[in-house]
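Colleague: Need a 3D model of the sequence below.
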Amino acid sequence: MSHGKQFTLYTHAGGPNGWKIAFVLEELGLTYESIYLDFTKGEQKAAAYTKYNPNGRIPAIIDHKNSDFVIWESGAILLYLVDKYDPEHKISASTELDKYRQTQWLFFQTSGQGPYFGQAGYFLVIHPEKIPSAIERYMKEIKRVWGVLDGVLKEREWLVGDHMTIADTAFITWNESGKGMFMMSQEGYDFEKEYPALAKWHNAMINRPKIKNLLAEKAAIAPPHH
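Modeller: Now for the predicted structure:
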């Protein structure tokens, strides 16, 4: 089977985790086709997709130039992409110790940011019954994660080394989601005033041309509540 693009990216128009992969593919100049699964139709749980990702979640990628290699879980995909396709370390750590630090921050994002921010969004927006204790718990977790990042970024420009890496870009979409939740739930909320170092770092990334274009694309096609 012939493919014009190197990668197929299985993703979702609004889901933050798929766009994390698109940022890196774009920054590395890799060609890909995005297939947006329709969650309302259960496409992420259908056999046509679970043959690639048995967990039935996005994202997953197929690398057609590497024997149609399939990998899922966003953190694992990001590591694969830079290990295979970023020999110049444009957006990845270059020293041995910084590679471990990069993995450390990726683990923090995938286990400490994504799930908590996602639960905050679920209880704030999607769950039919308003449960104040659950909303409070997860909104506090957003603040905790942001506090960790802001404290570290007061001391340095990027999380690892001297330039932007996947350790940084992995946080973008969930940060955007968190900002939206606070603006929705707290009138007059000022992200930049609350977390100035975090905001400076975040803004530096979302104003990069390729990332800015993808965020505009996401805004245009995302369903409500994302």
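Colleague: mind listing what's buried in the helix or strand of the chain with the lowest mean pLDDT?
Modeller: Lowest on mean pLDDT, DSSP states H and E among the helices and strands of the chain sits helix 172-185, with a mean of 89. Buried residues in helix 172-185, counting neighbours by 16 or more other Cβ atoms under 10 Å, are found at 172-179, 181-182. In this view, the C-beta of every residue, glycine as well, is placed from N, C-alpha and C.
Colleague: Out of these, which comes closest to residue 115?
Modeller: residue 174 (9.6 Å; Cβ to Cβ).
Colleague: what about the closest residue to that closest one other than its chain neighbours, how many neighbours?
Modeller: In this structure, residue 174 finds its nearest non-sequential neighbour in residue 117, 4.6 Å apart by Cβ to Cβ, 6 or more residues apart in numbering. A count of nearby residues for residue 117, using other Cβ atoms under 10 Å, gives 26.
Colleague: Same question for residue 215.
Modeller: That count, for residue 215 with other Cβ under 10 Å as the rule, works out to 20.
Colleague: The residue nearest to residue 174 is in contact with residue 180, isn't it?
Modeller: No. Using Cβ atoms under 8 Å, residue 117 is not in contact with residue 180, being 10.2 Å away.
Colleague: related to what we said a few turns ago, mind checking what helix or strand follows the least confident helix or strand of the chain in sequence?
Modeller: Downstream of helix 172-185, the next assigned helix or strand under DSSP states H and E is helix 191-194.
Colleague: to the chain's geometric centre, what's the distance from that following helix?
Modeller: Put simply, helix 191-194 sits 21 Å off its chain's centre (Cα atoms, centre = their mean, to the nearest Å).
Colleague: mind listing what's buried in that helix?
Modeller: So for helix 191-194, counting by 16+ other Cβ under 10 Å, buried means residue 191.
Colleague: can you tell me the average pLDDT over it?
Modeller: Helix 191-194 comes out with an average pLDDT of 93.
Colleague: which stretches of this structure form helices?
Modeller: Per DSSP state H, the chain carries helices over the ranges 16-27, 47-50, 74-85, 96-108, 114-121, 132-153, 166-169, 172-185, 191-194, 196-206, 209-221.
Colleague: Let me know the distance separating residue 72 from residue 27.
Modeller: 21 Å (Cβ to Cβ, to the nearest Å).
Colleague: about what we covered before: how about a markdown table for the helices of the chain, with distance to residue 4 added?
Modeller: Shown next, in a markdown table, are the helices of the chain (distance: least, Cβ to Cβ, whole Å):
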| stretch | distance to residue 4 |
| --- | --- |
| helix 16-27 | 15 |
| helix 47-50 | 21 |
| helix 74-85 | 18 |
| helix 96-108 | 30 |
| helix 114-121 | 31 |
| helix 132-153 | 39 |
| helix 166-169 | 26 |
| helix 172-185 | 27 |
| helix 191-194 | 40 |
| helix 196-206 | 29 |
| helix 209-221 | 20 |
